[in-house]
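Participant: fold the following for me, if possible:
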Amino acid sequence: MTAQMNEPITIERDCEAILIPDGTPIEVPQGSVVFITQALGGNYTINLNGNLAQIGPKDADALGFEIPEEAIIKGNVTLDDGSLNEDVVWRQMRTCYDPEIPINVVELGLIYDCQITALDDDNNRVDILMTLTAPGCGMGEFLAADVHSKIAAIPTVTEVDVQLTFDPPWGMGMMSEAARLESGMF
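Facilitator: From the prediction side, this is the model:
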């Protein structure tokens, strides 16, 4: 089954979701009728009784879908020298979308820094410094948790730390050119 925008879908089992924009966790009961407004990066933004919420890839089956292909890590995660391929980390972060804006956090310019530290036994620690489009965004912790879980899913990554900062404050100039074009902010 593919995601059909704005067609009613009946939830097949109770599942977790996050209310947008305040980030409050909720349970969507089996039998609820929802409408998908956005399906990106393995997450589904739904309209539930006039409220927006986001359902993660682990609960895709509650919507009648399989785990989305983009939620599965592909390619070699290590370089020839055995170190973690930083491109894989950035690719994973590109699967994290603001639930209200159909642009990933990398293209939005929300990722300020990515540091990989090799640990013993071919394990790695990844430290991410990121921001939000607005300091009062209720989805901040959720976006940080989404980045955390997507990076933690990479084989050989055993530690992840995602920190939110507002220094420097985010501005539209931090968006990639493609993101500005897509959003009409060019």
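Participant: who's in contact with Ile103?
Facilitator: Shown here is Ile103, whose contacts under the criterion Cβ atoms under 8 Å, 6 or more residues apart in numbering are Tyr97, Met175, Ala179, Glu182, Ser183. Placement of C-beta: from N, CA and C, glycine included.
Participant: got it, and Gly23?
Facilitator: Contact partners of Gly23, counting by Cβ under 8 Å, 6+ apart, are Gly138, Met139, Gly140, Glu141, Phe142.
Participant: at 10 Å instead, please
Facilitator: Gln54, Pro99, Cys137, Gly138, Met139, Gly140, Glu141, Phe142, Leu143, Ala145 (Cβ atoms under 10 Å, 6 or more residues apart in numbering).
Participant: the residue lying closest to the third one once chain neighbours are set aside: neighbour count?
Facilitator: It stands for Cys137. When the adjacent residues along the chain are set aside, Cys137 lies closest to Pro21, with 6.6 Å between them (Cβ to Cβ, 6 or more residues apart in numbering). Taking other Cβ atoms under 10 Å as the criterion, the count of residues near Pro21 is 17.
Participant: doesn't Thr45 make contact with Pro21?
Facilitator: No: distance between Pro21 and Thr45: 11.1 Å, which falls outside the contact criterion (Cβ atoms under 10 Å).
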